[in-house]
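>>> coordinates for the following, if possible.
(chains A and B)
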Amino acid sequence: MIKPVAKQILFRLPLQVLLLTLLTGLCYAVMSVPSGVSGLGERVAQNLKTSGVENPVTAVLINFRGYDTLLEMGVLLLALLGVWSLGDAPEGRDTRPGPVLDSLTRLLVPILILVAGYLLWVGAHAPGGAFQAGSMLGAAGVLLFLSGWRLGERYLRLTLRVMLVTGLGVFVVVGTVPLLVGRLFLEYPAPFAGALILLIETAATLSIGVALTALFLGGRQAAGPDK
Amino acid sequence: MSQAFLYALVGMGLFTLGLYALIIHVHILRKILAVNVMGSGVFLVLVALAARGQNTQPDPVPHAMVITGIVVAVSATALALSLMLKVNAATGRPELSDSE
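Just a heads-up that it's a prediction; the model follows:
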């Protein structure tokens, strides 16, 4: 019979040695990555004109590697379905916010929505985009929920679900239409690419914001996200 | 050695620390946090290595992958936290016991 302390040391010491070895190996791997290689950056820069936006990250995200982003919207929705299938949301305590919190929320939420809109728009030519804007909306929803705002019962069913699937739905529709005219999936025609990307990002922002708030609430229907 | 590699090494350190915490802690919340620290380490490595070229713009492809990864990590964390609450409600302990 080994004492618990001794057992812990017996277990942890080899583990630490093992992990240090792993760290050394990983560091060696990182250090032996050749420097001075531009990777895919040059190809992105060459094709940036046809992508419809000027920010290379947005171009990669929605246009060049749009399939990744499409699936990622699916993952967000799947995670929400998983959370919802675990049961109803825990009963949120009906908090009465104090006057300071209440007025601060009334001040902050419009600003958050404004910042979300700005981030969405600026994503075309500077850092920003659908995910940043969506997390702003999600933060606004969480703030509203925590300070006692609740959504009416009639918005909780269809409206909520439509808002959740809008992002993925618009993305799939915009991606599929080129198939009908003999092009490739998610191949946006260059003259309309900018407008299409803005459309996809707007829908994605809304869906991401609502989905993040719903994930925070952690359950189905007890109280929906405020928007 | 450029600055980018320093950040990448810090990312590797975060990854290993997270792995250690994931193995030794029993509480599920600590495990979830440990996985998140590991993920942050990987993101740091990706973002740092994207900027390793001298005097050039950072490679946008790893940056886009990190944005995708962050959203996936947030979704997975939310699902894991919900599962943890269910385990806690069912067994009374936020732990995964392999015996009994």
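>>> next one: the residue most central in space within chain B from chain A, what distance?
In chain B, the centroid-proximal residue (CA atoms, centre = their mean) is B:Gly39; its distance is 1.9 Å. Here the criterion is CB to the nearest CB, to the nearest Å. By it, B:Gly39 lies 14 Å from chain A. The way it works is simple: take the backbone N, C-alpha and C, and place the C-beta from them, glycine included.
>>> just the element for that residue, please.
When elements are defined using DSSP states H and E, B:Gly39 is found to belong to helix B:28-50.
>>> what separates that helix from the chain centre, distance-wise?
Averaging C-alpha positions (CA atoms, centre = their mean, to the nearest Å) puts helix B:28-50 2 Å from its chain's average.
>>> setting aside sequence neighbours, what's the nearest residue to the residue nearest to the centre of chain B?
Distance criterion CB to CB, 6 or more residues apart in numbering or on different chains; nearest residue to B:Gly39, sequence neighbours excluded, is B:Ala73 at 4.8 Å.
>>> hang on, the one you found packs against B:Asn36?
Yes: counting by CB atoms under 8 Å, B:Asn36 is a contact partner of B:Ala73 at 6.6 Å.
>>> what is the neighbour count of A:Gly169?
The local packing count at A:Gly169 equals 14, with neighbours defined by other CB atoms under 10 Å in any protein chain shown.
>>> swap that for B:Val72, sorry
Once other CB under 10 Å is used to define contacts, B:Val72 is seen to have 16 neighbours.
>>> my read is that it contacts A:Leu77, right?
No: proximity of B:Val72 to A:Leu77 does not meet the contact threshold set by CB under 8 Å, at 11.9 Å.
>>> where in chain A is pLDDT low?
Chain A contains residues with pLDDT under 70 at A:1-3, A:35-38, A:90-95, A:221-227.
>>> please repeat the previous calculation with a cut-off of 90.
Under the criterion of pLDDT under 90, the regions of chain A flagged as low confidence span A:1-13, A:30-67, A:86-103, A:123-129, A:144-160, A:175, A:177-197, A:216-227.
>>> please, where are all the helices along it?
In chain A, the segments counted as helices under DSSP state H are A:4-31, A:41-51, A:56-58, A:66-85, A:99-122, A:130-146, A:158-180, A:193-217.
>>> chain B too?
With DSSP H applied, chain B shows helices at B:3-24, B:28-50, B:60-91, listed in chain order.
>>> quick one: contacts for B:Met65?
Contacts were defined as CB atoms under 8 Å, 6 or more residues apart in numbering or on different chains; by that measure B:Met65 touches A:68, B:46.
>>> grab the most central residue of chain A for me.
Going by CA atoms, centre = their mean for chain A, the residue that ends up nearest the centre is A:Phe131, at 4.7 Å.
>>> and the gap between it and A:Ile208?
6 Å (CB to CB, to the nearest Å).
>>> likewise for A:Arg220?
Shown here: A:Arg220 relative to A:Ile208, a distance of 19 Å by CB to CB.
>>> who has more neighbours, the two?
Between A:Arg220 and A:Ile208, counted using other CB under 10 Å, A:Ile208 has the larger neighbour count: 28 against 18.
>>> could you find the closest non-adjacent residue to that one?
A:Gly134 (2.8 Å).
>>> my guess is the one you found contacts A:Thr202. True?
No: under the contact definition of CB under 8 Å, A:Gly134 does not touch A:Thr202, with a separation of 10.3 Å.
>>> of the two, which one has the most company?
Neighbour totals were compared for A:Gly134 and A:Thr202, and A:Gly134 leads with 26 against 18 (other CB under 10 Å).
>>> low-confidence stretches in chain B?
For chain B, the ranges with pLDDT under 90 are B:1-5, B:26, B:48-63, B:85-100.
>>> what about A:Ser126, how many residues close to it?
If you look again at residue A:126, you'll see it is Ala, not Ser. 13.
>>> residues in contact with it?
Under the criterion of CB under 8 Å, 6+ apart, the contact list for A:Ala126 reads A:Asn55.
>>> the one 4 residues further on too?
Applying CB under 8 Å, 6+ apart, we find A:Ala130 in contact with A:61-62, A:120, A:123, A:167, A:200-202, A:204-205, A:208.
>>> tell me the one of those nearest A:Leu114?
When the contacts of A:Ala130 are compared for distance to A:Leu114 (CB to CB), A:Leu120 wins out at 10.7 Å.
>>> good, we can wrap up now.
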